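> quick check, what structure comes out for this input:
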Amino acid sequence: MAYTAIKQLPQDLQQCIKECLDCYQICKTTLSYCLQKGGKHAEANHINLLADCAEICQTSAAFMLRNSERHGWVCAVCADICNECAKECEKFDDVIMKECAEVCRRCADTCKQMAGTVTHRT
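Just a heads-up that it's a prediction; the model follows:
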């Protein structure tokens with residue numbers, strides 16, 4: 001989608017897309033860092049959570065960029081996974097992990113708001 005088309009989206013949607021893409025990027029970067037660091041950082045559950053968080057953030061951004069009517073549902077799942085990832089990253093006494101947790105929390109907050117703007121179909 002062209003940049004001008006993104007600018008035509010509502011401001012809250014633009015902000016959520018930005019937070020999702022920021023979270024995607026930091027989770028991918030942090031995942032690489034954790035694999036290099038080894039030990040507890042590289043445990044399978046932790047690596048999988050970072051990968052899951054990155055993927056759902058990328059997916060959420062894609063749903064919003066194409067203005068899918070289902071973006072709220074995906075954002076709700078994204079918020080849950082981002083919160084879980086933030087909680088896990090906060091367990092580490094490590095600046096990079098704390099930064100990842102902070103970005104995950106911001107993404108979770110905007111995705112939760114976005115999820116609340118969509119009515120669910122039955």
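> could you point out the longest helix of this structure?
helix 11-37 (DSSP state H).
> what residue lies at the spatial centre of this protein?
C57 (3.7 Å; Cα atoms, centre = their mean).
> that residue contacts K18, doesn't it?
No: in this structure C57 lies outside contact range of K18 using Cβ atoms under 8 Å: 10.9 Å. All C-beta atoms are positioned from the backbone trio N, CA, C, and that covers glycine.
> circling back: by contact count, what packs against the longest helix of the chain?
helix 3-7, helix 44-65, helix 71-89, helix 95-116 (3 or more Cβ pairs under 8 Å, 6 or more residues apart in numbering; DSSP states H and E).
> neighbouring contacts of the second one?
When you say that, I think you mean helix 44-65. 1, 6, 9, 13, 16-17, 20-21, 23-24, 27-28, 30-31, 34-35, 40, 70-71, 74-75, 77-78, 81-82, 84-85, 88, 100, 104, 107, 111, 114 (Cβ atoms under 8 Å, 6 or more residues apart in numbering).
> go again using 6 Å as the cut-off
1, 13, 17, 20-21, 23-24, 27-28, 30-31, 71, 74-75, 78, 81-82, 85, 88 (Cβ atoms under 6 Å, 6 or more residues apart in numbering).
> which among those count as buried?
13, 17, 20-21, 23-24, 27-28, 30-31, 71, 74-75, 78, 81-82, 85, 88 (16 or more other Cβ atoms under 10 Å).
> for R70, phi and psi?
phi -100, psi 10 (degrees, to the nearest 10).
> ok, back up a step: the longest helix of the chain to helix 44-65, inter-axis angle?
160 degrees (axes from the mean of the first three to the mean of the last three Cα atoms, to 10 degrees).
> helix 11-37: how far from the chain's middle?
Its chain's average C-alpha position is 6 Å from that of helix 11-37, according to Cα atoms, centre = their mean, to the nearest Å.
> ok, the residue lying closest to A86 once chain neighbours are set aside - how many residues close by?
In space, not counting the residues next to it along the chain, A86 is nearest to C104; the distance is 3.8 Å by Cβ to Cβ, 6 or more residues apart in numbering. Residues lying near C104 (other Cβ atoms under 10 Å) number 30.
> ok, now which ones touch C104?
23, 82, 85-86.
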